[in-house]
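Asks: Sequence and predicted structure are below.
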Amino acid sequence: MSKEPDILRPALLSDRFNTLSYDRESHEVIVLDRRVYPFETRYERYGTVEGVARSIEEMVVQGGPPLAYVAGLGLALAAQSCRGQHVAEQRGCVEEAAKRLVRTRPTADDLHWLMEHALVAGLEAIELDEDAFEAILGYVEGEIARGNEVSRACGRHAASLLESGDKVLTHCFAGAALNYMLFYAREQGKEIELIASETRPYLQGARLTASQAVEMNIPVTVITDGMAAHLMSEGNVTKYVTAADRIALDGSICNKVGTFEHAIAARYHNIPFYVLGYDGPDPATPTGKDIPIEERNSREVLFQGGQRIAVEGAQARYPAFDVTPPGLVSRIITERGIFEPGEMAAYFDA
């Protein structure tokens with residue numbers, strides 16, 4: 001008797017509405033705590049702009065688009081808190097909130113782009129004596145829905161580059177597009193194995209990437225961050241796929257620190273490196289040298305699960321991202337199609 005086929009469905013983190021929302025009754029921003037997921041499915045609630053900002057800084061929410069959406073919901077929360085005030089007071093309230101939220105993470109361009117447009121929506125509503133809260137929230141929720149569609153399209157294009165039997169290395173958690181890439185590859189009958197580097201110090205690969213693969217019945221193997229080159233030398237990696245927190249117009253990509261060194265190893269072993277570029281490059285970033293790299297608190301390297309893992313007196317550094325030059329990138333995959341790194345400017349005409 002033949003086995004019934006698995007029911008194919010994208011995993012939980014594929015739909016951003018599963019992980020973040022605005023509660024109109026309590027006026028709180030609700031965020032899935034990715035620091036503890038999947039071992040605990042815990043949603044945190046924030047009723048102040050400062051609380052929302054700290055949720056971004058303290059890694060409750062992770063990933064370029066999700067943290068941008070949470071910041072946008074935080075701006076809606078600010079607009080709600082100053083409803084009914086004079087025009088100047090409302091304007092000052094949302095402008096100050098926007099400044100605080102934008103300061104949370106300097107590297108990811110999604111945050112800055114979305115906050116700029118959400119702020120414009122709110123200020124225009126204030127000038128027209130309309131409800132800034134509804135204007136901002138409507139805009140942000142529309143962007144979340146659009147982002148979900150972008151993820152599906154990006155993942156569908158990425159699946160076309162995979163072949164049955166591929167062993168795909170990934171670093172950190174490449175987000176919803178990675179889930180859709182795996183989903184569409186399986187739907188097309190391709191047998192794919194995933195290799196997830198653990199991604200110190202927050203272990204997004206070991207927790208988030210691995211959990212999504214398990215949820216979709218995709219075979220997944222977790223490795224430490226230093227093992228990738230060895231696996232490549234054995235022939236146990238056939239593709240390397242990550243996301244990007246920012247893409248420059250020259251095709252440089254910025255992603256979780258460690259992406260660059262895996263790209264060097266992939267090039268040495270003639271393994272293609274594909275980047276899930278979602279909705280394309282940042283038009284305000286000409287080259288990789290123009291991308292600011294966030295330097296996070298060194299305690300995040302020195303401590304794991306509240307326990308110090310390095311000897312007292314030792315110091316640490318934590319640049320959260322690195323930049324991979326375009327010469328090491330094979331293709332950049334967006335919702336509009338697949339691009340050579342050196343042709344990213346063509347994205348805007350696609």
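Replies: Nice, thanks for sending it over.
Asks: contacting residues for Val94?
Replies: Contact partners of Val94, counting by CB atoms under 8 Å, 6 or more residues apart in numbering, are Leu75, Ala78, Ala79, Cys82, Leu119, Gly122, Leu123, Ile126, Ala132, Ile136. Where you see a C-beta, it was placed from the backbone N, CA and C, and this is true even at glycine.
Asks: farthest pair in those?
Replies: Cys82 and Leu119 (13.7 Å; CB to CB).
Asks: neighbour count winner among those two?
Replies: Neighbours per residue (other CB atoms under 10 Å) separate Cys82 from Leu119, with Leu119 holding more: 23 against 19.
Asks: Identify the residues contacting the helix or strand where Arg54 lies?
Replies: Taking DSSP states H and E as the definition, one finds Arg54 inside helix 49-57. For helix 49-57, the external contacting residues (CB under 8 Å, 6+ apart) are 29, 31, 44, 46, 61, 67, 70-71, 73-75, 77-78, 81, 97, 100-101, 103-105.
Asks: Give me the distance from that helix to the chain's centre.
Replies: Helix 49-57 sits 17 Å away from the centroid of its parent chain (CA atoms, centre = their mean, to the nearest Å).
Asks: I'd like the mean pLDDT over it, please.
Replies: Average pLDDT, helix 49-57: 98.
Asks: buried set for that helix?
Replies: Using 16 or more other CB atoms under 10 Å as the test for burial, helix 49-57 gives Val49, Gly51, Val52, Ala53, Ser55, Ile56.
Asks: Could you check how far the third one is from Ser81?
Replies: Noted for Val52: a distance of 12 Å to Ser81, by CB to CB, to the nearest Å.
Asks: what's the helix or strand where Ala78 lies packed up against?
Replies: Using DSSP H and E, Ala78 maps to helix 64-81. Applying 3 or more CB pairs under 8 Å, 6 or more residues apart in numbering; DSSP states H and E, one finds that helix 64-81 contacts strand 20-23, strand 28-32, helix 49-57, helix 87-102, helix 109-127, helix 132-159.
Asks: re earlier: pick the one among the contacts of Val94 closest to Gly305.
Replies: Leu75 (33.0 Å).
Asks: which residues in the stretch 251-350 of the chain form helices?
Replies: 259-268, 299-302 (DSSP state H, counting those that start in this stretch).
Asks: So which of the ones you listed is nearest Met227?
Replies: Using CB to CB as the criterion, the shortest distance between Met227 and the helices of the stretch 251-350 of the chain is 10.3 Å, found for helix 259-268.
Asks: Please put the alpha-carbon coordinates of the closest one into CSV.
Replies: The C-alpha trace of helix 259-268 is given here as CSV (Å, rounded to 0.1, in the frame of the first residue of the first chain):
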residue,chain,number,x,y,z
THR,A,259,27.6,35.1,5.3
PHE,A,260,30.8,36.5,3.7
GLU,A,261,33.1,33.7,4.9
HIS,A,262,30.6,31.0,3.7
ALA,A,263,30.5,32.8,0.3
ILE,A,264,34.3,32.7,0.0
ALA,A,265,34.2,28.9,0.7
ALA,A,266,31.4,28.4,-1.8
ARG,A,267,33.3,30.2,-4.5
TYR,A,268,36.4,28.1,-3.8
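Asks: Figure out how far that helix is from the centre of its chain.
Replies: Relative to the chain's own centre, helix 259-268 is displaced by 20 Å; criterion: CA atoms, centre = their mean.
Asks: do stretch 196-216 as well
Replies: Remark: stretch 196-216 is offset 13 Å from the chain centroid, using CA atoms, centre = their mean.
Asks: what does stretch 239-251 give?
Replies: 12 Å.
Asks: Also stretch 150-170?
Replies: Its chain's average C-alpha position is 17 Å from that of stretch 150-170, according to CA atoms, centre = their mean.
Asks: Pipe the buried residues of helix 49-57 into CSV and attach distance to Asp225 per row.
Replies: Converted to CSV, the buried residues of helix 49-57 look like this (distance: CB to CB, whole Å):
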residue, distance to Asp225
Val49, 35
Gly51, 32
Val52, 30
Ala53, 29
Ser55, 26
Ile56, 24
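Asks: now, among those, which is nearest to Gln307?
Replies: Closest to Gln307, out of all of the buried residues of helix 49-57 and judged by CB to CB, is Ser55, at 23.5 Å.
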